[in-house]
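A.B. asks: could you look at this predicted model? Sequence included:
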Amino acid sequence: MPGKYLSKPTEAETKEKKEDKKQVLRYLLKWITAAVLLAVLLLNLFTHVFQIVRYNGTGMEPGLKGGQTLVIQKTKKVTQGDVIAFYYNNQILIRRVICTGGNQIEIDAHGVVSINGEPLQEPYLKNVTLGQCNISFPYHVNTGTVFVMGDNREEAMDSRLEEIGTVPEDRIIGKVIMQF
């Protein structure tokens, strides 16, 4: 207001302003701490428990399409039917576990898969075919390894090729648990 002198704040007003600033700082510190803790938690989850990968290729069609993002649960314990991620030649491949170690697999000329003499039901396949194959059947899958195949049997490069072979446990990253 014109003509009036501004008075010096009282000691109580100064104390109140300082207290307000402390409250704001405490509030900000709580939020910063929460954000850092959340970042550390997410970093640990996506380092030790999960991994996110982008799937490229056609070997798993029609179930997976090239360009999809996959969430992998890191584990070495996989079972028949699981879609897994594993390392091959410094790349990550995605394929389905068809046969686990200690079992025998056979694929006939038409592409029908049998495990220990029992035909395998594969509702996820669009076409049943032998596809690319240069191994002999029946084929014994060693303990500690898995025999994997792509769902697109005509296109997929997988355990039917000597170059890839069965996948040892130490090359398995884990199971696909989500796709988007």
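C.D. replies: Right, received. Where do you want to start?

A.B. asks: would you verify that residue 32 is located in a strand?
C.D. replies: No. Under DSSP: H, G, I helix; E, B strand; the rest coil, residue 32 falls outside any strand and is assigned helix.

A.B. asks: give the pairing partners of the strand ranked longest in the chain; include direction for each.
C.D. replies: Assignment by DSSP state E gives strand 91-100 as the longest strand of the chain. Sheet pairing for strand 91-100, assigned by DSSP bridges, gives strand 83-88 (antiparallel), strand 145-149 (antiparallel).

A.B. asks: dump those into a markdown table; add distance to residue 113 and mean neighbour count as well.
C.D. replies: C-beta: built from backbone N, CA, C; applies to glycine. Formatted as a markdown table, these follow (distance: least, Cβ to Cβ, whole Å; neighbours: other Cβ atoms under 10 Å):
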| stretch | distance to residue 113 | mean neighbour count |
| --- | --- | --- |
| strand 83-88 | 16 | 20 |
| strand 145-149 | 8 | 26 |
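
A.B. asks: in TSV: the ones you listed, plus mean pLDDT and distance to residue 75.
C.D. replies: Formatted as TSV, those follow (pLDDT from 0 to 100; distance: least, Cβ to Cβ, whole Å):
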stretch	mean pLDDT	distance to residue 75
strand 83-88	98	9
strand 145-149	98	12
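
A.B. asks: need those strands in CSV with distance to residue 129, can you?
C.D. replies: Shown next, in CSV, are the strands paired with strand 91-100 (distance: least, Cβ to Cβ, whole Å):
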stretch, distance to residue 129
strand 83-88, 19
strand 145-149, 11
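
A.B. asks: which one of the ones you listed lies closest to residue 120?
C.D. replies: Comparison of those against residue 120 by Cβ to Cβ identifies strand 145-149 as nearest, at 10.1 Å.

A.B. asks: give me the neighbour count for residue 122.
C.D. replies: By other Cβ atoms under 10 Å, the residues close to residue 122 number 16.

A.B. asks: how about it, nearest residue that isn't a chain neighbour?
C.D. replies: Sequence neighbours aside, residue 113 is the residue nearest to residue 122 in space, at 6.8 Å (criterion: Cβ to Cβ, 6 or more residues apart in numbering).

A.B. asks: hmm, that neighbour is touching residue 119, no?
C.D. replies: Yes. Using Cβ atoms under 8 Å, residue 113 is in contact with residue 119, at 7.3 Å.

A.B. asks: the two: which is more packed in?
C.D. replies: Applying other Cβ under 10 Å to residue 113 and residue 119 shows that residue 113 carries more neighbours, namely 22 against 11.

A.B. asks: contact partners for the more buried one?
C.D. replies: Residues near residue 113 by Cβ atoms under 8 Å, 6 or more residues apart in numbering: 98, 105-107, 119-120, 122, 149.

A.B. asks: out of those, which are inside strands?
C.D. replies: Going by DSSP E, the strands hold 98, 105-107, 119, 149 from the contacts of residue 113.
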